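Student: Provided below are the primary sequence and the corresponding predicted coordinates.
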Amino acid sequence: MKTIPDTVSLIGNTPLVRLKGPSEAAGCDIFGKCEFANPGASVKDRAALGIIRDAEERGELKPGGTVVEGTAGNTGIGIALVANARGYKTIIVMPDNQSQEKMATLRALGAELVTVPPTKFASPAHFVHTSRRIAEETEGAIWANQFDNIANRRAHIETTAPEIWDQMDGRVDGFTCAVGTGGTLAGVGMGLKAFDENIAIALSDPHGAALYEYYAHGELKSEGNSVAEGIGQGRITANLEDAPVDTQYRISDEEGLEWVRRLLAEEGLALGLSSGINVAGAVRLGRDLTARLGRPARVATILCDTGFRYLSTLYNAEWLREKGLPVFPWLDR
């Protein structure tokens with residue numbers, strides 16, 4: 001196809017790139033799905049389009065309506081772009097500890113931004129519950145509900161998984177990523193296993209999240225903490241129900257940041273910390289599968305978003321020091 005029929009059709013069909021450093025570290029082939037190539041510069045564009053299309057098809061979202069969502073930022077950016085293209089208004093509720101770049105982007109896109117203090121999910125003041133209440137109180141509005149709306153994972157079953165399968169010529173041994181809503185891990189996992197049940201699906205979980213313990217020992221239990229935005233989950237969302245998770249890895253911020261540093265310094269990719277955690281998980285999965293299969297494995301993961309969304313945090317020496325994290329050498333020049 002030489003031309004694209006409309007702007008929302010720019011979402012998806014992102015490139016898959018072999019990552020040289022991670023492949024060498026794992027002794028196999030590690031591939032990254034370049035989701036920063038979406039119009040909203042993140043993987044969340046897929047969920048945003050899937051959720052809005054689903055609401056349209058069910059007749060819940062009507063012309064001139066409003067889409068309300070609680071998000072760490074990237075889903076809100078995707079929703080704002082798709083809503084603009086479809087003629088809807090957007091209200092986004094976001095924890096006030098997320099990056100300033102995300103907040104500025106949402107305002108620039110025309111979304112109405114509501115920020116709330118970060119709190120536990122059990123609190124009625126949590127950003128998810130706040131967004132639900134706003135949707136209920138706003139005429140002509142729908143609540144996107146990305147965490148428990150399975151139109152989220154369906155978008156990955158129908159698009160991300162078959163794209164990876166085709167791009168890897170059907171030779172896929174494993175896939176891994178971290179979980180925010182669970183839509184990507186569950187959707188890609190379900191989609192890939194429909195092609196080949198033997199493909200290993202792995203969770204890469206940051207510290208401070210509870211899913212590593214859940215898949216390892218059947219208990220939702222968290223340890224430590226992480227500065228990663230948009231990932232880390234303490235419950236089984238509707239998107240995660242029946243997710244085909246075969247194994248799990250716990251990844252520290254330091255390990256994820258090392259891959260963020262290396263991928264930028266050695267391969268020219270500016271990524272966020274969730275991508276670094278995903279790559280660290282892919283290296284571990286690649287090593288394990290290579291040992292098990294007796295040949296170099298082929299593993300895919302998600303490069304979630306652009307590092308340009310974290311200039312005030314991950315790429316800020318003072319912020320990194322405040323968090324007790326290693327500073328990239330070039331930031332001290």
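Tutor: Nice, I can see it. Residues are numbered from 1 along each chain as shown.

Student: just checking, residue 261 touches residue 328?
Tutor: Yes - counting by CB atoms under 8 Å, residue 261 does reach residue 328; the two are 5.3 Å apart. Yep, even glycine has a C-beta here, placed from its N, CA and C like the rest.

Student: find the nearest non-adjacent residue to residue 238, please.
Tutor: residue 148 (3.9 Å; CB to CB, 6 or more residues apart in numbering).

Student: and residue 113, bridged to which residues?
Tutor: When bridges are called by DSSP bridges, residue 113 pairs up with residue 92.

Student: please list all residues in contact with it.
Tutor: For residue 113, the contact set (CB atoms under 8 Å, 6 or more residues apart in numbering) comprises 92, 94, 103, 106-107.

Student: could you measure from it over to residue 98?
Tutor: Distance, residue 113 to residue 98, by CB to CB, to the nearest Å: 11 Å.

Student: kindly report the same for residue 156.
Tutor: Taking CB to CB, one finds residue 156 at 23 Å from residue 98.

Student: with neighbour numbers in mind, choose between the two.
Tutor: Each of residue 156 and residue 98 has its neighbours counted (other CB atoms under 10 Å); residue 156 has more, 30 against 23.

Student: hang on, that one packs against residue 187?
Tutor: Yes - taking contacts as CB under 8 Å, residue 156 lies within contact range of residue 187: 2.7 Å.

Student: so what's residue 31 up against?
Tutor: 16-19, 164, 167-168, 298-301.

Student: about what we covered before: the residue nearest to residue 238 in helix, strand or coil?
Tutor: Here residue 148 is recorded as coil under DSSP: H, G, I helix; E, B strand; the rest coil.

Student: for it, give me its contacts.
Tutor: Residue 148 neighbours (CB under 8 Å, 6+ apart): 237-239.

Student: let's see if you can find the most crowded of those residues.
Tutor: Going by other CB under 10 Å, residue 239 tops these with 28 neighbours.

Student: once you drop chain neighbours, what's closest to residue 195?
Tutor: Distances taken as CB to CB, 6+ apart place residue 165 nearest to residue 195, at 5.1 Å, with adjacent residues excluded.

Student: was I right about that neighbour contacting residue 194?
Tutor: No - here residue 165 lies out of contact with residue 194, judged by CB under 8 Å, at a distance of 9.2 Å.

Student: which one's more surrounded, those two?
Tutor: The residue with more neighbours, out of residue 165 and residue 194, is residue 165; 20 against 14, by other CB under 10 Å.

Student: could you check how far that one is from residue 130?
Tutor: Taking CB to CB, one finds residue 165 at 38 Å from residue 130.

Student: ok, now residue 238?
Tutor: For residue 238, the distance to residue 130 (CB to CB) stands at 19 Å.

Student: likewise for residue 232?
Tutor: Plainly put, residue 232 is 19 Å away from residue 130 if you go by CB to CB.

Student: got a list of what residue 138 touches?
Tutor: Neighbour list for residue 138: 66, 68, 91 [criterion: CB under 8 Å, 6+ apart].

Student: pLDDT, neighbour count and distance to residue 182 for the residues you listed - can I get that in TSV?
Tutor: What follows is these, written out as TSV (pLDDT from 0 to 100; neighbours: other CB atoms under 10 Å; distance: CB to CB, whole Å):
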residue	pLDDT	neighbour count	distance to residue 182
66	98	19	25
68	98	27	20
91	97	23	23
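
Student: closest one to residue 54 out of those, please.
Tutor: Nearest to residue 54, judged by CB to CB, of the contacts of residue 138 is residue 68 at 15.2 Å.

Student: excluding its backbone neighbours, what's nearest that closest one?
Tutor: Per CB to CB, 6+ apart, closest to residue 68 is residue 135, 3.9 Å.

Student: could you do residue 176 as well?
Tutor: Spatial nearest neighbour of residue 176, chain neighbours left out: residue 202 (3.9 Å); criterion: CB to CB, 6+ apart.

Student: adjacent strands (with direction) for the strand or helix carrying that neighbour?
Tutor: Taking DSSP states H and E as the definition, residue 202 sits inside strand 200-206. Strand 200-206 sits in its sheet next to strand 174-177 (parallel), strand 247-251 (parallel), going by DSSP bridges.

Student: and which of the contacts of residue 138 is nearest to residue 41?
Tutor: Out of the contacts of residue 138, the member with the shortest distance to residue 41 (by CB to CB) is residue 91, at 21.0 Å.

Student: quick check: that closest one touching residue 111?
Tutor: Yes - counting by CB under 8 Å, residue 91 touches residue 111, with 7.0 Å between them.

Student: quick one, helices of the protein?
Tutor: 20-26, 44-57, 74-86, 100-108, 127-137, 151-155, 161-167, 183-195, 211-217, 253-267, 273-293, 317-322 (DSSP state H).
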